[in-house]
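Asks: have a look at this prediction, sequence included:
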Amino acid sequence: LLSPKLRRITQLLARLPGVGEKTAQRYLLFLLTAEPALATELADEFAHLHERVRPCVLCGNLAEVDAPHAPATCGVCLDNKRDPRLLCVVARVHDLVAIERASTMRGRYFVLGKLLSPLEGVGPEELPIPRLLRRIEEDGVTEVIVATPPSVDGEATALLLKRELAPKGVVMTRIASGVPHGGDLEFADPITMGRALAGRQKL
Ligand SMILES: [Zn+2]
């Protein structure tokens, strides 16, 4: 039914998480019948997304930048009401967002970017451990909350962190379960996430 050009647009939209072929078509038809300014603004924002939003140089969270080559520092790292001695280590930005939604974390974050995964061939050397150790030293971190997901890879990563950070003399805690095993922190509701943080235990 759709021309090749419109089919191409639906295929692109359908690559977004949670968007199937049908929803993609609905979005496209909506954009075609709505104010043209909507499509133009969306297109402009998406075209510059990667220039305007980059990983924070300190923690890996997403940070907005004013100039294309300016160093990116995120709002959490810039927030001086946060306790610099408390550092929460997460696998992905999604997890940071989930914890922030629960808003009981008064420290800062460190995003690993990936988890240790022997099965998928991700070894310890691929994790940014040296950068994490530097951050701990520079900020005088006294407690590291390991908030990797409760999956096989998440637990393996927690153990690796314990081994690597133990000589630094920091207290290491692990978020309590309540987040379903094998589950994503992203899908935990704020109350469960808040309890998991509050009930963290010595690692
Ligand atoms: Zn940051």
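Replies: Great, that's in hand.
Asks: CA atoms for contacts and neighbours, from now on please.
Replies: Fine.
Asks: got the end-to-end distance for stretch 81-95?
Replies: Start-to-end span of stretch 81-95 (Cα to Cα, to the nearest Å) is 21 Å.
Asks: that stretch - what's its average pLDDT?
Replies: For stretch 81-95, mean pLDDT rounds to 95.
Asks: near the ion at all, that stretch?
Replies: No: using Cα under 5 Å from the ion, stretch 81-95 stays clear of the ion, with a minimum separation of 10.5 Å.
Asks: chain center to the least confident helix or strand in the chain by mean pLDDT, what's the gap?
Replies: Across the helices and strands of the chain, mean confidence by mean pLDDT, DSSP states H and E is lowest for helix 190-198: a mean of 75. Mean-position distance between helix 190-198 and its chain equals 17 Å (Cα atoms, centre = their mean, to the nearest Å).
Asks: and that helix, what's buried?
Replies: For helix 190-198, burial by neighbour count (16 or more other Cα atoms under 10 Å) applies to Pro190, Thr192, Met193, Gly194, Arg195, Ala196, Leu197.
Asks: center of this structure - which residue?
Replies: With distances taken as Cα atoms, centre = their mean, Val93 lies nearest the centre of the chain, 0.8 Å away.
Asks: so Ala63 belongs to a strand, correct?
Replies: Yes: counting by DSSP: H, G, I helix; E, B strand; the rest coil, Ala63 falls inside a strand.
Asks: skip the chain neighbours and tell me the closest residue to it.
Replies: Cys74 (4.3 Å; Cα to Cα, 6 or more residues apart in numbering).
Asks: how far away is that neighbour from Thr173?
Replies: Cys74 is 24 Å from Thr173, by Cα to Cα.
Asks: picking that back up, nearest to the ion among the buried residues of helix 190-198?
Replies: Relative to the ion, the closest of these is Leu197; by Cα to the ion it sits at 19.8 Å.
Asks: residue contacts, the closest one?
Replies: With contact set as Cα atoms under 8 Å, 6 or more residues apart in numbering, Leu197 has these partners: Thr104, Met105, Ile175, Ala176.
Asks: again, only using 10 Å
Replies: Residues near Leu197 by Cα atoms under 10 Å, 6 or more residues apart in numbering: 88, 99, 102-105, 145-147, 173-178, 191.
Asks: what's the burial count for Asp66?
Replies: Neighbour count for Asp66, taken as other Cα atoms under 10 Å: 11.
Asks: the ion contacts on this protein?
Replies: Proximity of the chain to the ion, by Cα under 5 Å from the ion, involves residues Cys56, Leu58, Cys59, Cys74, Cys77.
Asks: show me what contacts the first one?
Replies: Residues in contact with Cys56, defined by Cα under 10 Å, 6+ apart, are 62-65, 71-77, 110-111.
Asks: and the residues you listed as a markdown table, adding pLDDT?
Replies: A markdown table is the format used below for the contacts of Cys56 (pLDDT from 0 to 100):
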| residue | pLDDT |
| --- | --- |
| Leu62 | 94 |
| Ala63 | 95 |
| Glu64 | 92 |
| Val65 | 91 |
| Pro71 | 84 |
| Ala72 | 91 |
| Thr73 | 93 |
| Cys74 | 94 |
| Gly75 | 93 |
| Val76 | 95 |
| Cys77 | 94 |
| Phe110 | 98 |
| Val111 | 98 |
